[in-house]
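Engineer: 3D model of this:
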Amino acid sequence: MPSFAHIKERLDRYEKLMRLDKPIGILLLLWPTLWAVWIASDGRPAWVILAIFVLGTVLMRSAGCVINDYADRNFDPHVERTKSRPLAAGTVTPREAFVLCAFLVVLAFLLILPLLTPLLLGLAVAALFLAASYPFTKRFFAVPQAYLGVAFGFGIPMAFAAILGRIPEIAWWLLAANIFWALAYDTEYALVDIEDDRRIGIRTSALTFQRFFGRFDIAAIMLCYGATLALLAWVGWQLGFGWPYALGLAAAATIAGYHYTLIRARDRMRCFKAFLHNNWFGAAVFAGIAADYLLRSPKA
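Structural biologist: Numbering: from 1, shown residues only. Here you go, the predicted structure:
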């Protein structure tokens, strides 16, 4: 029978495989989901809905990390930042990773059962497909970060479907904003590994931006932030948001400006710092949404 120490060691490895020790991915997935939950529920989400989407975000991000590392298990050993990941280092087997991923997906499905409708079921299947296929887009798609933006933003239409039973046009504008935001922050992330990715043949937006924009690749990242903010401003205008939301967007714009100061020299560690700091960009937008609903006059 395995000892307690052995079991704890295995669980620690699974935790690292799911990257629960690095919650930034959960937060980047959670913020756009919360934007949608608040808007769809008119600023008053039911705690059950909120709990389901928060837990679902954690489960699906964890499953996505397992899928990603399974797909990249032959590439990660050749990249400085990823060579110590459990699958790359051989401390977790591919079979263990497959079983863990299946377990997480089943848990996520059970979580949405109380809300299940044909529309939500279809979206859940699409979300699973996006999460499972994203790692493989790095083999052939020049801008896989855009695909990631769809995958990371799919909680948006799911939230509207669960709360309203339909997906209004505003949900797709929010998703578009999230795609540009993911392009910005994940290109910052890709700059960390750009030389390793170039050497092993992985495709990333960082390499594509350099190929097409040359020394203006950083400007292209900032344009993605600008597109994100423009789309979010459009969403706010459509919803009749006021100064609290505008203040949230202004804070997010200031944060994006700070990121420029970090990434303009393309230093690996400062680019990574900028990527991690995107949590505050998403939080600023959410604070603006929540504050706007909170400070509105009660409806007659």
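Engineer: helices and strands around the helix or strand harbouring Ile112, which ones?
Structural biologist: Assigned by DSSP states H and E, Ile112 belongs to helix 94-112. The contact analysis (3 or more CB pairs under 8 Å, 6 or more residues apart in numbering; DSSP states H and E) places helix 94-112 against helix 4-18, helix 47-71, helix 118-137. In short, each C-beta sits where N, CA and C put it, glycine included.
Engineer: With adjacent residues omitted, what lies nearest to Gly288?
Structural biologist: Take Gly288 and drop its neighbours on the chain: the residue closest to it by CB to CB, 6 or more residues apart in numbering is Gly248, 1.8 Å away.
Engineer: got the contact list for the residue nearest to Arg270 when sequence neighbours are not counted?
Structural biologist: Leaving aside its sequence neighbours, Arg270 sits nearest to Leu262 (CB to CB, 6+ apart; 4.5 Å). Contact analysis of Leu262 by CB atoms under 8 Å, 6 or more residues apart in numbering lists 270-271, 273-274, 277.
Engineer: With neighbour count added, can I get these in TSV?
Structural biologist: Listed next are the contacts of Leu262 as TSV, based on neighbours: other CB atoms under 10 Å:
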residue	neighbour count
Arg270	18
Cys271	26
Lys273	15
Ala274	26
His277	17
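Engineer: Name the nearest of the residues you listed relative to Ile24.
Structural biologist: The closest of the contacts of Leu262 to Ile24 turns out to be His277 (CB to CB; 9.4 Å).
Engineer: doesn't His259 make contact with the closest one?
Structural biologist: Yes - the pair His277 / His259 is scored as a contact, 6.4 Å apart, by CB atoms under 8 Å.
Engineer: picking up where we left off before, pLDDT score assigned to the residue nearest to Gly288?
Structural biologist: Listed pLDDT for Gly248 reads 98.
Engineer: tell me which element it is part of?
Structural biologist: helix 243-263.
Engineer: mind listing what's buried in stretch 255-275?
Structural biologist: Neighbour-count burial for stretch 255-275, counted by 16 or more other CB atoms under 10 Å, picks out 255-256, 259, 262-263, 266, 270-272, 274-275.
Engineer: try stretch 157-164
Structural biologist: Neighbour-count burial for stretch 157-164 flags 157-163 (criterion: 16+ other CB under 10 Å).
Engineer: Where helices are concerned, which of the residues you listed count?
Structural biologist: Members of the buried residues of stretch 157-164 lying in helices (criterion: DSSP state H): 157-163.
Engineer: Max pairwise distance over the buried residues of stretch 255-275: which two?
Structural biologist: With CB to CB as the measure, no two of those lie farther apart than Ile255 and Arg266, at 19.4 Å.
Engineer: re earlier: the helix holding Gly248: how far from the chain's middle?
Structural biologist: 19 Å (CA atoms, centre = their mean, to the nearest Å).
Engineer: In this structure Asn79 contacts Asp193, no?
Structural biologist: No Asn there; residue 79 is Val. Yes - contact criterion CB under 8 Å: Val79 and Asp193 qualify, at 5.6 Å.
Engineer: between the ones in helices among the buried residues of stretch 157-164, which is closest to Gly214?
Structural biologist: Using CB to CB, those come closest to Gly214 at Pro157, 36.2 Å.
Engineer: May I ask you to confirm that the closest one is in contact with Leu175?
Structural biologist: Yes - at 6.6 Å, Pro157 counts as touching Leu175 under the criterion of CB under 8 Å.
Engineer: give me every residue that touches Pro77.
Structural biologist: Counted by CB under 8 Å, 6+ apart, Pro77 has contacts 83, 88-89.
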